[in-house]
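In: Give me the fold of what follows.
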Amino acid sequence: MLSRVAETLYWTARYIERAENLARLINVNNLLLMDLPKGFSPGWEPLLDITGNRKGFESVYTDFSERNILKFLTVDSKNPSSILSSLQYARDNARTIRDVIPREIWETLNALHLSVKENSSSFLNKRERFASLKQVINQCLLIYGTMDASLSHDEGYFFWRFGATLERADMTSRIIDVRSATLTEDMSDLPFENILWMSVLRSLSGYQMYRQKMGVRIRPGDVLLFMLHSKEFPRSVMFCLNKLKSLFLNLPDSKAIIEHIDHSIEDLEKQSVATLRGRALHNYIDELQIDFADIHQEVLQQYFLH
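Out: Numbers count the residues shown, from 1 in each chain. The predicted structure is shown next:
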């Protein structure tokens, strides 16, 4: 397969995953703000930190209002990571490989991009926001399902899945990092701690699976263990790393990348994540994110930069 096609599939998947993750994150934050009293509400600013968009936001806006933050994260073309921008990049990439991907993928992605663009005001309207974000989530999941069922599971498919999986692992680590910063030890006696940790799980669609695996009670250590170490939950970091390894076993010239992923898995298995708090947790998540960036660079150099 041409490296150009492989790279395009990789980035298309990352952009679609990014749009879906952000839509889910905003919806969950919306529900969290309704559950918490105003004095304990984390507001909307943490979403800028989770997505790494604080500097970009501050270069455009001076007021950290709900409307400005939501506009910046959802439909602002000045933000290259907004839902609209991510879908635009995914659409532009997919258009160049329309002869490679199933026609239904292009049609669904094109329609979703146009819908978000034409109905941008709905993302800022409290009554319409949930439905609009839900549409983004559902259509992105439809695209993934169609690709899985209709695209030949050859090298192109492996790069598609690799892009989505790496983006997913990165977002999981970001959510844990920023959300846990508001869940410090001095909040352990607050009656709202469970609601805050529950929002971490729901941001990754993991609440029901957590209860099945870990039990009904929401404990900080158990949440960290589930989100970082679970080998069954598709959005846990451990699951994503194992998935990345299994994908590269199908590709040529992948020995060095597989060894890197193996090293990451071993480090994660050795880490007592359930006991991490505060600065120690933040530092460890930083190490994970650097690791993801290194894996990304290795893929670029090995397969795309030719």
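In: Quick one: the strands in the chain, in order.
Out: With DSSP state E as the criterion, the chain has no strands.
In: quick one, helices of it?
Out: Secondary structure of the chain by DSSP state H: the helices cover 3-35, 45-50, 54-58, 66-74, 83-96, 103-118, 126-150, 155-181, 193-203, 207-214, 220-229, 237-248, 255-270, 278-299.
In: The residue nearest to His296 when sequence neighbours are not counted - how many residues pack around it?
Out: Nearest non-adjacent residue to His296, counting by CB to CB, 6 or more residues apart in numbering: Leu166, 6.3 Å away. C-betas here are computed from N, CA, C, even on glycine. Neighbour count for Leu166, taken as other CB atoms under 10 Å: 24.
In: surely Leu166 meets Gln297?
Out: No. Leu166 is beyond contact range of Gln297, at 11.3 Å (criterion: CB atoms under 8 Å).
In: how about the residue nearest to His296, what does it touch?
Out: Taking CB atoms under 8 Å, 6 or more residues apart in numbering as the criterion, Leu166 is in contact with Arg14, Cys240, Leu244, Phe292, Ile295, His296.
In: of the helices of the chain, which approaches Leu305 most closely?
Out: When those are compared by CB to CB, helix 3-35 sits nearest Leu305, at 8.0 Å.
In: mind listing what's buried in the closest one?
Out: Neighbour-count burial for helix 3-35 flags 5-30, 32 (criterion: 16 or more other CB atoms under 10 Å).
In: and the angle from that helix to helix 207-214?
Out: 90 degrees (axes from the mean of the first three to the mean of the last three CA atoms, to 10 degrees).
In: what is the orientation angle of helix 3-35 with helix 278-299?
Out: 160 degrees.
In: between helix 3-35 and helix 193-203, how big is the angle?
Out: Relative orientation of helix 3-35 versus helix 193-203 (the same axes, to 10 degrees): 150 degrees.
In: Remind me what helix 3-35 packs against, helices and strands.
Out: Counting contacts by 3 or more CB pairs under 8 Å, 6 or more residues apart in numbering; DSSP states H and E, helix 3-35 packs against helix 45-50, helix 66-74, helix 83-96, helix 126-150, helix 155-181, helix 193-203.
In: If you average pLDDT over each of these, which is lowest?
Out: Taking each of the helices and strands packed on helix 3-35 in turn, the lowest mean pLDDT turns up on helix 193-203, with a mean of 86.
In: Next, the residues that contact that one from outside, please.
Out: By CB under 8 Å, 6+ apart, helix 193-203 touches 24-25, 28-29, 31-32, 35-36, 42, 175-176, 179-180, 182-183, 187, 207, 210, 218-220, 223, 226-227.
In: Next up, phi/psi of Thr62, please.
Out: phi -110, psi -20 (degrees, to the nearest 10).
In: so what's Leu112 up against?
Out: Leu112 neighbours (CB under 8 Å, 6+ apart): Leu87, Gln135, Val136, Gln139, Cys140.
In: quick one, what contacts the fourth one?
Out: Applying CB under 8 Å, 6+ apart, we find Gln139 in contact with Thr108, Ala111, Leu112.
In: circling back: how about TSV for the contacts of Leu166, with distance to Lys117 and pLDDT added?
Out: Converted to TSV, the contacts of Leu166 look like this (distance: CB to CB, whole Å; pLDDT from 0 to 100):
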residue	distance to Lys117	pLDDT
Arg14	20	98
Cys240	31	98
Leu244	33	97
Phe292	30	96
Ile295	33	96
His296	28	96
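In: Of those residues, just say which sits nearest to His263.
Out: Ile295 (10.4 Å).
In: surely that closest one meets Ile261?
Out: Yes. The criterion here is CB under 8 Å, and Ile295 meets it with Ile261 at 6.7 Å.
In: okay, and the common contacts of those two?
Out: Contacts common to Ile295 and Ile261, judged by CB under 8 Å, 6+ apart, are Leu244.
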